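**Student:** Starting from these lines, generate the structure:
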Amino acid sequence: MHRDKQDSEVVSPVLEAWLEREVPDFRGPASLHKFGFGQSNPTFRLKAASGDYVLRRKPFGPLLPKAHAIEREFRVLHALRGSNVPVPRVHALCEDTEVMGAVFYVMDFVDGRIFYDQRLPGMMAEERSGIFDAMNRAVSSLHNVDPMAVGLEGYGRPDGFIERQVSLWTKQYRAAEGDRCEAMEQLIEWLPQNLPAEQPARIFHGDLRLDNMIFHPTEPEVVAFLDWELSTLGDPLADFAYHAMVWRVGADLFRGFGDLDRVQTGIPEEAEYVRRYCERTGRDEIPNWNFYLAFSLFRVASILQGVWKRAQQGQASAADAAIVGAKAHPLAEIGARIALGR
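**Tutor:** A predicted model of the protein is given here:
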């Protein structure tokens, strides 16, 4: 995975002994090198004599209930092994905090490309087309999995999923709101009144972005999904709409390309991308597509409003939190326009 690496950590004798005992064919000596991502759950490249791995652990110290659910990540990755969904192979989960000071798991290191700019600058149109089709195929493969068939009973509560999500993000927004945002008020009123029919439960990744996928080093193929910490069971169309939201926003707001002239770029139009997803998941269409898009923008706006609030309180985790948080209102305005057909 080609993401920037930061500081290193020494592998203790206790940890190395556990690795040699629990990870098949593992051989030391070993060292840990922190990636520049995975801030919620610190993530390391584990270099050993037997090869490279990835170790992902909870933060040290007291944690909020249900936060940093490393065990859930391990469970969903383990369940999807052998399916058509591209995931790293997980080797072992350690719940004994005496080994490393926190719960962690070890998985394969997957080499490949990670793209941060959805516009894929520097590529030929044919290359972009291939990347987008591979992404569509991978997302479809995830939403084609019956979670019960892979042992994910109880992984989430899918009944009433969208209704509960609308309620959750409304509460989150109210807890962080500043000046009145008319667009958010419109969405808070409109969304509960226009809830779509409930969909069969599928694995809801929760953050299906281009940069949460590793692509083959040379081919247009997704070889691994990353960052499963938000995953649950829920409505796959909400998951897909969040993924497809980039067609509606610009690069300045949410790393999208809604403001890009896409003629001859190789990037498919939204309708074509949705059509391919429907074909691959056995659907004729996505009813209430505007609802799902509006909800996705509402959800992101609520999250960013929380970022803004923490910045005002001096509790931001990033230097640009105030700038990022200020994007909540313009995103809500796009969502309201979609919802109200303006």
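**Student:** Do a quick rundown of the helices in the chain.
**Tutor:** Using DSSP state H, the helices found in the chain span residues 13-22, 70-80, 97-100, 125-143, 161-176, 182-193, 236-244, 251-254, 270-281, 289-312, 321-325, 328-340.
**Student:** tell me the average confidence for the fourth one?
**Tutor:** Per-residue pLDDT values over helix 125-143 give a mean of 98.
**Student:** hmm, back to that, switch the helices of the chain over to JSON lines; also include mean neighbour count and distance to I114.
**Tutor:** Heads up, the C-betas are built off the backbone N, CA and C, glycines and all. As requested, the helices of the chain are exported to JSON lines (neighbours: other C-beta atoms under 10 Å; distance: least, C-beta to C-beta, whole Å):
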{"stretch": "helix 13-22", "mean neighbour count": "16", "distance to I114": "26"}
{"stretch": "helix 70-80", "mean neighbour count": "20", "distance to I114": "18"}
{"stretch": "helix 97-100", "mean neighbour count": "14", "distance to I114": "26"}
{"stretch": "helix 125-143", "mean neighbour count": "19", "distance to I114": "12"}
{"stretch": "helix 161-176", "mean neighbour count": "17", "distance to I114": "28"}
{"stretch": "helix 182-193", "mean neighbour count": "17", "distance to I114": "32"}
{"stretch": "helix 236-244", "mean neighbour count": "24", "distance to I114": "16"}
{"stretch": "helix 251-254", "mean neighbour count": "16", "distance to I114": "17"}
{"stretch": "helix 270-281", "mean neighbour count": "16", "distance to I114": "20"}
{"stretch": "helix 289-312", "mean neighbour count": "22", "distance to I114": "21"}
{"stretch": "helix 321-325", "mean neighbour count": "17", "distance to I114": "20"}
{"stretch": "helix 328-340", "mean neighbour count": "22", "distance to I114": "24"}
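**Student:** mind checking which of these is nearest D227?
**Tutor:** helix 70-80 (8.6 Å; C-beta to C-beta).
**Student:** Tell me how far the closest one lies from the chain's centre.
**Tutor:** 14 Å (C-alpha atoms, centre = their mean, to the nearest Å).
**Student:** sorry, back to before: comparing the helices of the chain, which yields the minimum mean pLDDT?
**Tutor:** Across the helices of the chain, helix 321-325 gives the lowest mean pLDDT, at a mean of 73.
**Student:** same for it, what does it pack against?
**Tutor:** Helix 321-325 sits against helix 289-312, with contacts defined as 3 or more C-beta pairs under 8 Å, 6 or more residues apart in numbering; DSSP states H and E.
**Student:** Also compute the angle for the helix it packs on relative to helix 270-281, please.
**Tutor:** Relative orientation of helix 289-312 versus helix 270-281 (axes from the mean of the first three to the mean of the last three C-alpha atoms, to 10 degrees): 110 degrees.
**Student:** Can you list the buried residues in stretch 193-213?
**Tutor:** 196, 199, 201-213 (16 or more other C-beta atoms under 10 Å).
**Student:** same check, this time on stretch 222-236
**Tutor:** 222-229, 231-236.
**Student:** Next up, phi/psi of the most centrally placed residue in the chain, please.
**Tutor:** Centroid-nearest residue in the chain: D207, 2.2 Å away (criterion: C-alpha atoms, centre = their mean). Dihedral angles of D207 (phi, psi; degrees, to the nearest 10) stand at phi -150, psi 50.
**Student:** got it, and R255?
**Tutor:** On the backbone of R255 - angles per degrees, to the nearest 10 - the values are phi 50, psi 40.
**Student:** residues contacting it?
**Tutor:** R255 sits next to Y116, D117, Q118, R209, V246 when contact means C-beta atoms under 8 Å, 6 or more residues apart in numbering.
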